[in-house]
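> A structural model of the following input is requested.
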Amino acid sequence: MRWEHRTDHPATALDTDGKTVYVAYSSAALAALDADDGSLRRHTHLEVDGAPTAALSLSVAPQGHLLMGTVDGRILECSVGW
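Residues are numbered from 1 along each chain as shown. Model prediction:
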């Protein structure tokens, strides 16, 4: 094991572009971790129309975008730079 990142909420989805590991949590949080050491680069809460939304799937797409499938049946696209 190279590194470990612990949180208070279960991870529901993750993907990587080789430099960053993107993680969605059951709490509607979204995190970007350094792929080399697991350190937190960015953290935000995922909201749609002002309501917290948990992502159940997440994929790194071309041109720096994330695609997420949400618990309420939506498919979202956002920039990896939030």
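> Tell me how far D17 lies from Q63.
11 Å (C-beta to C-beta, to the nearest Å). Quick note: C-beta positions are derived from backbone N, CA and C, even for glycine.
> my bad, G38
In terms of C-beta to C-beta, G38 sits 26 Å off from Q63.
> got it, and V71?
Applying C-beta to C-beta to V71 and Q63 gives a distance of 26 Å.
> So between the two, which is more surrounded?
V71 (13 against 6; other C-beta atoms under 10 Å).
> close enough to count as contact, that one and P52?
No: contact criterion C-beta atoms under 8 Å: V71 and P52 do not qualify, at 9.9 Å.
> In contact with R41: list those residues for me.
20, 32-34 (C-beta atoms under 8 Å, 6 or more residues apart in numbering).
> okay, among these, which ones form the most distant pair?
Using C-beta to C-beta, the two most remote members of the contacts of R41 are A32 and D34, lying 8.2 Å apart.
> overlap in contacts of the two?
Joint contacts of A32 and D34 (C-beta under 8 Å, 6+ apart) are 20-21, 40-41.
> between the residues you listed, which has the most around it?
V21 (20 neighbours).
> Is the closest residue in space to that residue that isn't next to it in sequence within a helix or a strand, and which one?
Of all residues not flanking V21 in the chain, L33 sits nearest, at 4.4 Å (C-beta to C-beta, 6 or more residues apart in numbering). Applying DSSP states H and E as the criterion places L33 in strand 29-34.
> neighbouring contacts of that strand?
Contacts for strand 29-34 (C-beta under 8 Å, 6+ apart): 5, 7, 9, 19-25, 39-46, 55, 80, 82.
> Strand partners (parallel or antiparallel) of that strand?
Applying DSSP bridges, strand 29-34 is found paired with strand 20-25 (antiparallel), strand 40-45 (antiparallel).
> Off-centre distance for it?
5 Å (C-alpha atoms, centre = their mean, to the nearest Å).
> Buried residues, it. List them.
Of all the residues in strand 29-34, those buried under the rule 16 or more other C-beta atoms under 10 Å are 29-33.
> and which of those residues is nearest M1?
L33 (14.3 Å).
> For the closest one, list each beta-bridge partner.
V21, L40.
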